[in-house]
Every structure is written in structure tokens, then in C-alpha cells.
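Asker: Kindly generate the corresponding structure for this input.
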Amino acid sequence: MGHDILGYNKAGDEIAYARFSMSNHNVTVLYQLLDATQYDAGVSGSGNSATYTVPQLEKALNIFNQSFTEIDISSKHHYTVWDLKQIRDFIVNCLATAENEGSVKIFFC
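Answerer: Numbers count the residues shown, from 1 in each chain. All right, here's what the predicted structure looks like:
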């Protein structure tokens, strides 16, 4: 079990992926940034999806950047830092796709 959070473009291609073990509480950061706590089923995602627009993803990225400015996310020495990099990359990839296509679909599995 675990949390697999996937972003897809309008053609159905996977454009972003984040993976958290079922006991990794850092996943709550991504759920909260995406305003998607209703899709957190505890040991995994709920299996549902939601469509996100550019303003929603910009808001998530802005909150992330404000919240984690003190952390060097280029470091690979601590799993929390690795998770934060994974979260940032996920949001950035989804935002880039949404900017090109108007929205992105995110699945919470």
C-alpha cells in the first residue's frame, strides 16, 4: 500500500508522478497544497481524481515556496528533503502542462 499521485495531460499521458509509502506522513503536504485532503484514504489515495487549473497550481506552488524557503531542496541527504523535492517537481510539472493545455487531471491512488 502507499500513495501514488499522478498527473495527466489531456491526451492521457502521465506528466507527473509522486510516490509515498503508506507510513510516510510527508504525503499530507502534497494533499494540503492541492486542497485535496478528501482524497487521502489513510494508507493510500482514495482512487478518485480532480482537474486542476493554472490558478490552483500556481497557488499550490506559491504556498510551497513560502513554506519551504529555508530548506535546501537540492540536498539528497534526508528523506524529508527528497520528499519536498518530489512534491515541488510534481507541482511544477503539473503547472507547466496546465499552462499549455488549460488544466491537468490528478489521480490519487
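Asker: all contacts plus neighbour counts: C-alpha atoms, from now on.
Answerer: Fine.
Asker: Poorly predicted segments of the chain, please.
Answerer: 70-79 (pLDDT under 70).
Asker: which residue ranges form the strands in it?
Answerer: Using DSSP state E, the strands of the chain run over residues 2-8, 14-21, 49-53, 103-108.
Asker: Same list (those) but as TSV, adding mean neighbour count and distance to Asn65.
Answerer: Shown next, in TSV, are those (neighbours: other C-alpha atoms under 10 Å; distance: least, C-alpha to C-alpha, whole Å):
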stretch	mean neighbour count	distance to Asn65
strand 2-8	21	20
strand 14-21	18	18
strand 49-53	16	18
strand 103-108	22	21
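Asker: So which of those strands is nearest Val29?
Answerer: Closest approach to Val29 among the strands of the chain is made by strand 14-21 (11.2 Å; C-alpha to C-alpha).
Asker: neighbouring strands for the closest one, and are they parallel or not?
Answerer: strand 2-8 (antiparallel) (DSSP bridges).
Asker: on that earlier part again, ok, which of the strands of the chain comes nearest Tyr39?
Answerer: The nearest among those, by C-alpha to C-alpha, is strand 103-108 at 6.3 Å.
Asker: Just name whatever secondary elements that closest one is in contact with.
Answerer: strand 2-8, strand 49-53, helix 79-101 (3 or more C-alpha pairs under 8 Å, 6 or more residues apart in numbering; DSSP states H and E).
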